[in-house]
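> Need a 3D model of the following:
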Amino acid sequence: MTGVLVDNIGTLVTNDPEVGEGKLGVIHNAALAIGDGVVRWVGERRRVPEGAAEERFDAGGRALIPGFVDSHGHLVFAGDRAAEFAARMAGRDYSAGGIRTTVAATRAASSEALAGNLRRLVSEALHSGTTTVECKSGYGLTVADERRSLELAGVSADEVTFLGAHVVAPEFEDRPHEYVDLVCGEMLDACAPHARWIDVFCERGAFDADQTRQVLRAGVARGLVPRVHANQLGHGPGVQIAVELGAASVDHATHLSDADVQALADSDTVATLLPAAEFSTRGTYPDARRLLAAGVTVALAADCNPGSSFTTNMPFCIALAVRELRMSPDEAVWAATLGGARALRRDDVGHLGVGARADAVLLDAPSHVHLSYRPGVPLVAAVWRRGSPIRAVGVSS
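Residues are numbered from 1 along each chain as shown. Presented below is the predicted three-dimensional model:
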C-alpha cells in the first residue's frame, strides 16, 4: 500500500458507526491511511498494518474529522451589498434592491471577474475545511447569463445547481408567468446540460406553489434532480412540494407546520439548515431539535451569498447551530459533514470509512467539540482533499 499514513490522531471522527464509537464513529489514538485519493485503512494506531503507507504525517495527538460538505452556496456573483447589511443591522429601512442589485452587477461583470471571485470563495472555504462545495446559478436570470454562471460553476464546484427560478427577472416584473415559461423552456434547454440539480425559491415574493411545481417538473423532465428553497420567511407550500417531488433537500426550513415535519420524517428529503442566514438577517432560527426528534435527516450549510449570508466558514455555522439551533456538538459536526453529503446524495464524501474520498480536516484541538467550544478561533491546522494536502503542519517522516 502506498500513500500517506496520518498517524498519532488523538480523536478521529469517521462518521462510520461500524468502525468507531457512536453515530460519529469516533476512534481514539487512531491512524488513517490514504492512497490514490481515497481512504485505504482506518483504525487504532496500534493496529496499523505493516507497509500501510510510504510517508507518515504526525497529527500530534490532535483531532481529525471528515471535510465539511457545504451543500448550499450562491458563489457566482459580482458586486457588494455591505451597505444593505449595515442598514439592516442599524434597524433602518433600506431600498438596496436585494437580489436584483446582485443580478445587475453580475450581468455587467466579465466572465473573468466572475470566475476569479468564484475561485477566491472556493479557496476560502477550502482553507476553513470545506472540501465539497455546491454552487447555484440565479444571479443572471437571462438564458445567456444563467448558462454562463453554470459553466463557470462547473469549473470550480463539485455540484452545480440551476436556479433560474431565484426571483422573477426585473424585465419580467409585470409578466411573471412569461418568465416561468422562459425558465421552463429556452433557459432550461440551455442550462440543463451544465447542471445536476434544479432549485426554486418557493417563497412569498418569489415563486408560488404552481410555479414551483411547473419549474421543478420541467427540470426533472430534462434529467435534473430537484431541491427547494422553502419556508424561510414564513409558512408556505415549499416543504410539501419538495417531499411530493422527491427533492434531495429542502433548504432553510425555518417555519414548519407539524405536517411539514412529519412529511420530512416520512421521506428521504433532507432538511438543510442555514443558520448564518438568520444570523445575518436577524431572522428566526429554525428549530433543529424539533426536526431531529421527529427523525428528520438534518444538514448544515453556509448559504454563502452577498446579501443574506456572506460567509464560507462552516465552523462558524457549526457554532451557530450549537448555540442558536440547540444542536449538540456531535449533531452539528455530523450535519456539516455526512448530513451535507446526504443532501447531495453522495456516499463518497462526508465520512472517513474505507473507500471514501480522502477529504479530511486536522483541527488544532484535541476534539471536534472545540469547533463550537472555541467559536471564531481558526482551528483548521491541515486539510486534505482527494488525498492531496492543501495545508498541512505536522511532522513527516
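
> Point me to the residue sitting farthest from the middle of the protein.
No residue in the chain sits farther from the centre than residue 50, which is 37.7 Å out by Cα atoms, centre = their mean.

> Show me the strands in the stretch 201-350 of the chain, by range?
With strands called from DSSP state E, counting those that start in this stretch, the stretch 201-350 of the chain shows them at 225-230, 249-252, 270-273, 298-300.

> winner for burial among these?
Ranked by average neighbour count under the criterion mean count of other Cβ atoms under 10 Å, the strands of the stretch 201-350 of the chain are headed by strand 270-273 at a mean of 30. All C-beta spots, glycine's among them, are computed from the backbone N, C-alpha and C.

> Pairing partners for it, with directions?
strand 249-252 (parallel), strand 298-300 (parallel) (DSSP bridges).

> pLDDT weak spots in the stretch 1-150 of the chain?
The stretch 1-150 of the chain contains residues with pLDDT under 70 at 1-2, 93-97.

> thinking again about what came up before, give me the secondary structure label for the residue farthest from the centre of the chain.
Under DSSP: H, G, I helix; E, B strand; the rest coil, the three-state class of residue 50 is coil.

> that older thread, for residue 214, find the nearest of the strands of the stretch 201-350 of the chain.
strand 225-230 (12.1 Å; Cβ to Cβ).

> what's the spacing between that closest one and its chain's center?
Mean-position distance between strand 225-230 and its chain equals 13 Å (Cα atoms, centre = their mean, to the nearest Å).

> Give me the helices and strands touching it, please.
Judged by 3 or more Cβ pairs under 8 Å, 6 or more residues apart in numbering; DSSP states H and E, the packing partners of strand 225-230 are strand 197-202, helix 209-221, helix 238-244, strand 249-252.

> could you dump the top helix by length along the chain to PDB, C-alpha only?
Under DSSP state H, the helix in the chain containing the largest number of residues is helix 111-127. The C-alpha coordinates for helix 111-127 follow below in PDB (Å, rounded to 0.1, in the frame of the first residue of the first chain):
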ATOM      1  CA  SER A 111     -16.700  36.100 -17.100                       C
ATOM      2  CA  GLU A 112     -13.100  36.500 -15.900                       C
ATOM      3  CA  ALA A 113     -14.200  38.600 -12.900                       C
ATOM      4  CA  LEU A 114     -16.900  36.200 -12.000                       C
ATOM      5  CA  ALA A 115     -14.600  33.200 -12.300                       C
ATOM      6  CA  GLY A 116     -12.000  35.000 -10.200                       C
ATOM      7  CA  ASN A 117     -14.400  35.700  -7.400                       C
ATOM      8  CA  LEU A 118     -15.700  32.200  -7.500                       C
ATOM      9  CA  ARG A 119     -12.200  30.700  -7.200                       C
ATOM     10  CA  ARG A 120     -11.500  33.000  -4.300                       C
ATOM     11  CA  LEU A 121     -14.600  31.900  -2.400                       C
ATOM     12  CA  VAL A 122     -14.000  28.200  -3.100                       C
ATOM     13  CA  SER A 123     -10.400  28.600  -1.900                       C
ATOM     14  CA  GLU A 124     -11.600  30.500   1.200                       C
ATOM     15  CA  ALA A 125     -14.000  27.700   2.000                       C
ATOM     16  CA  LEU A 126     -11.300  25.000   1.400                       C
ATOM     17  CA  HIS A 127      -8.900  26.600   3.800                       C
END
